[in-house]
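# Quick one: sequence and predicted model below, then my questions.
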Amino acid sequence: MLIAPRALNKEPIFVSQLVQNAMNSIALSTLEKMLNSFEFSDEDLQQLQQTVRQTDLQTGFRDAMLGERVTGMQVIRNPGQLGSEVPVRLPNTNEDLAFYLKYMGKWTAASREPFPKALDRVELISQEFEEELAGSGFARVRYQLTALLLPAMDSIFEATARGVAATQATETFIAVERFRKQQGRFPDSLDALVPEFLSEVPMDPFDGKPLRYVITDDAALIYSIGRNRIDDNGTLGDERLDEVFRLELKKTTGAEPTE
């Protein structure tokens, strides 16, 4: 499950990258449940940790920006490809194309930035984009293909950041479990995992600070502050304001996975 999403890594379109992200999320969620249900050997945990560490969502995301840019250029030059969604008469598509390339260039440059700087930049660019479209009554007519083609960039950047956060939290989650198996307790802080179990404490892509780590009466929580970019103290439940991974204190010892 962890390896299968990588088959989509080199497909340079947003849809494939979002599907890859979703598949990876399912795999990580399943792994979280298994770690709370069964005892794994340290050798197995090391292998799982290495596999999770090799997940790279950002490269595919950045390549998809280029692929979508090329697709948009071709559609604007040949608007008939959109079928009935395009009106019979269009204004000068060269102007529309220039507008499209202007903003795709900005968003592509933002995708090259590390998180959370990329999130900050895309928010400003998207605001500028909407303001320019709303600047005159003719803007949406002049740039109607751009408005039709471009997806909600904020959401795509956010989805990628969430995927990165979940992957980093899972690797840390496994490192905490390895520490627990060795020491018989949870580490007091994530710094205690470095360098034996982690090369460094991962940074939260939503604010650039270390992932949060909280020990409760019955579990250890590792979490990112998530899409609202506010620390909600590891809120779980339907809201799931933070991206939380929970390692329970009481575990099933000696149980074997069943089909």
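Structure's in. What do you need? Residues are numbered from 1 along each chain as shown.
# Let me see the residues that make contact with the helix or strand where residue 18 lies.
Here residue 18, judged by DSSP states H and E, is contained in helix 14-35. With C-beta atoms under 8 Å, 6 or more residues apart in numbering as the test, helix 14-35 has contacts from 1-2, 4-6, 8-9, 11, 48, 52, 55, 57, 60-61, 64, 68, 151, 156, 159-160, 162-163, 166-167, 170, 173-174, 177, 245-247, 257. Every residue, glycine included, has its C-beta placed from N, CA and C.
# Which of those are buried? Put it as a ChimeraX command.
Burial among the contacts of helix 14-35 is assessed by 16 or more other C-beta atoms under 10 Å; the matching ChimeraX selection reads:
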select :2,5,6,8,9,11,48,52,55,57,60,61,64,68,156,159,160,162,163,166,167,170,173,174,177,245,246,247
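# How about the contacts made by residue 49?
171, 174, 175, 178.
# Kindly report the same for residue 65.
Contacts of residue 65 by C-beta under 8 Å, 6+ apart are 104, 107, 108, 111.
# Those residues: which two are farthest apart?
104 and 111 (10.3 Å; C-beta to C-beta).
# hang on, residue 163 packs against residue 57?
Yes. If you go by C-beta atoms under 8 Å, residue 163 and residue 57 touch, sitting 4.6 Å apart.
# Run through the strands of the stretch 151-259 of the chain in chain order.
212-215, 219-224, 243-248 (DSSP state E, counting those that start in this stretch).
# Tell me what angle the second one forms with helix 14-35.
In other words, strand 219-224. 170 degrees (axes from the mean of the first three to the mean of the last three C-alpha atoms, to 10 degrees).
# Apart from its neighbours in sequence, what residue is nearest residue 64?
residue 17 (4.7 Å; C-beta to C-beta, 6 or more residues apart in numbering).
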